[in-house]
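Engineer: this is a predicted model, with the sequence first.
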Amino acid sequence: MATGKLCKPNIPFQLFVSAFRRKKILDAMVGREHTKSKVEGEKILKAYIKQIMFRKIKDLAEKGEDVSNFNLQMIEDPKLLIRDLKIKASNAIKKE
């Protein structure tokens, strides 16, 4: 990556990583079951969920708020989060 083989040299590294992560997350959400891209995407999605959840929990705990009501099972199973996001999206569409 640092040599410019995976991306154009004029693209900032963080932008490249973000685009790569988004692509893998999309693969996890819409890919066919048991394919290599879906499995890789689910691993990246799981790690990203952990990062976001831990950051949110840490921020709330630092503010002195109760963090006991977080569904930490979503950290271990990204399919729960994906299902939850699909339900919320479906409900938002129905309201329109």
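Structural biologist: Thanks, I have it. Numbers count the residues shown, from 1 in each chain.

Engineer: just give me how far the helix ranked longest in the chain sits from the chain centre.
Structural biologist: The longest helix of the chain (DSSP state H) is helix 36-62. Chain-centre distance of helix 36-62: 6 Å, with Cα atoms, centre = their mean, to the nearest Å.

Engineer: low-confidence ranges, the protein, go.
Structural biologist: Low-confidence segments of the chain (pLDDT under 70): 1-9, 69-79, 81-82, 85, 96.

Engineer: wait, what's in contact with S37?
Structural biologist: By Cβ atoms under 8 Å, 6 or more residues apart in numbering, the contact set of S37 is K24, D27, G31. Backbone N, C-alpha and C define where each C-beta goes, glycine included.

Engineer: ok, now with 6 Å
Structural biologist: Each residue near S37 by Cβ atoms under 6 Å, 6 or more residues apart in numbering is listed here: D27, G31.

Engineer: could you measure it against A47, distance?
Structural biologist: 16 Å (Cβ to Cβ, to the nearest Å).

Engineer: before we move on, what about S90?
Structural biologist: 26 Å.

Engineer: which of these two has more residues huddled nearby?
Structural biologist: Just comparing S90 and A47: by other Cβ atoms under 10 Å the higher neighbour count belongs to A47, 13 against 10.

Engineer: just give me the neighbour total for M29.
Structural biologist: Counted with other Cβ under 10 Å, M29 comes out at 17.

Engineer: now do I49
Structural biologist: I49 is flanked by 19 other residues according to other Cβ under 10 Å.

Engineer: any idea how far it is from K43?
Structural biologist: 11 Å.

Engineer: now do the buried residues in stretch 46-65.
Structural biologist: Judged by neighbour count using 16 or more other Cβ atoms under 10 Å, the buried positions of stretch 46-65 are K46, Y48, I49, M53, I57.
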